[in-house]
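> below are the sequence and a predicted model for it; my questions follow.
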Amino acid sequence: MTPEDLVQQHWKRRDLPGFMGRAGPLWTRREGDAWAYAILADEAHLNPAGVVHGGALLTLLDHAISSVAWEACGRLPCLTLQLDTHFIGSVRAGQLAQAGARLVRRTGSLAFLRGEVTVEGETVLTAQALMKVVRTAPGDKP
């Protein structure tokens, strides 16, 4: 798969600041009423065993989960308190690792989510997350 293929499939490249910018580039696509997030794996994402580093996949999934939590919580910042993961497959260079998440439950200050990373429709990573909703005063940083 190439970046040109992704554009043809309606993916948009997002060059983000900070850590996600270094871990990507991130690709996004609207799918119904949800968003999908992805990285097109290349040599920079690989571990010494020749597959995408687990930390890269966790970064992608944490970003997807955080983005869904942010939207579900009225666009308030959300911090990851707990992220329980299960690796059940691998990703190789040239493959598109696609992440998605959904809100399971929300309380006043917590959000519970589930997410997964897939490659060609096969699940390679699943997760459950507990997110803390951060309420800030105007002008304060979270």
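Nice, thanks for sending it over. Numbers count the residues shown, from 1 in each chain.
> packing partners for the worst-scoring helix or strand of the chain on mean pLDDT?
Lowest by mean pLDDT, DSSP states H and E among the helices and strands of the chain is helix 18-23, with a mean of 84. Here helix 18-23 touches helix 54-72, going by 3 or more CB pairs under 8 Å, 6 or more residues apart in numbering; DSSP states H and E. In this view, the C-beta of every residue, glycine as well, is placed from N, C-alpha and C.
> output the least confident helix or strand of the chain as PDB, nothing but the C-alphas.
Provided in PDB are the C-alpha atoms of helix 18-23 (Å, rounded to 0.1, in the frame of the first residue of the first chain):
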ATOM      1  CA  GLY A  18       4.400  16.500  19.300                       C
ATOM      2  CA  PHE A  19       4.800  12.800  19.900                       C
ATOM      3  CA  MET A  20       2.100  11.600  17.500                       C
ATOM      4  CA  GLY A  21       3.700  13.600  14.700                       C
ATOM      5  CA  ARG A  22       6.900  11.600  15.300                       C
ATOM      6  CA  ALA A  23       5.100   8.300  15.600                       C
END
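> start the count at 52 instead of 1 going forward.
In the new count, where the first residue is 52, that last one comes out as helix 69-74.
> list the buried ones in that helix?
Of the residues in helix 69-74, 71, 74 count as buried by neighbour count, 16 or more other CB atoms under 10 Å.
> now stretch 97-104
Across stretch 97-104, burial judged by 16+ other CB under 10 Å covers 97, 102, 103, 104.
> cool, stretch 57-65 as well?
Buried residues in stretch 57-65, counted by 16+ other CB under 10 Å: 57, 62.
> low pLDDT regions in the protein?
The chain contains residues with pLDDT under 70 at 188-193.
> at 80 instead, please
By pLDDT under 80, the weakly predicted segments of the chain are 187-193.
> what's the angle from whichever helix or strand comes after the least confident helix or strand of the chain to helix 105-123?
The helix or strand immediately downstream of helix 69-74 is strand 77-82, counting by DSSP states H and E. Following axes from the mean of the first three to the mean of the last three CA atoms, to 10 degrees, one obtains 50 degrees for the angle between strand 77-82 and helix 105-123.
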